[in-house]
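Q: Mind folding the following:
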Amino acid sequence: MAAQPKITAKGTLETPTELEQRLIVKKDETLKKYRRRVAVVDHLIKMADETEEDFSAWRWLQQLVKTLGEGSMSSEESDVENDIETVLRVKNMVWRRAVE
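A: Reported below is the predicted structural model:
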């Protein structure tokens, strides 16, 4: 979860101030991404001719992006946080029948 303190490069937990700053930066990036997507779709609609086949698709996409809002923008975080990756291993149970 984003609001949980993360381990810093020094190996310590973030302070509340560092956590707040990271969340502010993340919010700013999300808002910037939303505004950029709205601007791109608006520009494509202005450039398109209403008689073009895909004009209605661009209008639909514009409405979708604006309806969902900035909270719908995907994050850029990876699934592996703090460079820790979970590896699942199969344990061979000797008392079980072998699968061929």
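Q: and the residue lying closest to Val41 once chain neighbours are set aside, what is it in contact with?
A: Leaving aside its sequence neighbours, Val41 sits nearest to Gln62 (C-beta to C-beta, 6 or more residues apart in numbering; 4.5 Å). The C-beta positions use only the backbone N, C-alpha and C, and glycine is treated the same way. Going by C-beta atoms under 8 Å, 6 or more residues apart in numbering, Gln62 touches 38, 41-42, 45.
Q: mind checking which helix or strand Gln62 is in?
A: helix 55-68 (DSSP states H and E).
Q: What is the helix or strand where Leu44 lies packed up against?
A: Using DSSP H and E, the element containing Leu44 is helix 16-47. Judged by 3 or more C-beta pairs under 8 Å, 6 or more residues apart in numbering; DSSP states H and E, helix 16-47 is in contact with helix 55-68.
Q: For the helix it packs on, C-alpha coordinates in CSV please.
A: Output of helix 55-68 as CSV, limited to C-alpha atoms (Å, rounded to 0.1, in the frame of the first residue of the first chain):
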residue,chain,number,x,y,z
PHE,A,55,-14.3,10.1,-34.6
SER,A,56,-17.0,8.6,-32.3
ALA,A,57,-14.4,6.3,-30.7
TRP,A,58,-12.3,9.3,-29.8
ARG,A,59,-15.3,11.1,-28.4
TRP,A,60,-16.1,8.0,-26.3
LEU,A,61,-12.5,7.8,-25.1
GLN,A,62,-12.6,11.5,-24.2
GLN,A,63,-15.8,11.0,-22.1
LEU,A,64,-14.3,7.9,-20.5
VAL,A,65,-11.1,9.6,-19.4
LYS,A,66,-12.9,12.6,-18.0
THR,A,67,-15.6,10.4,-16.3
LEU,A,68,-13.0,8.2,-14.6
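Q: All set now, cheers.
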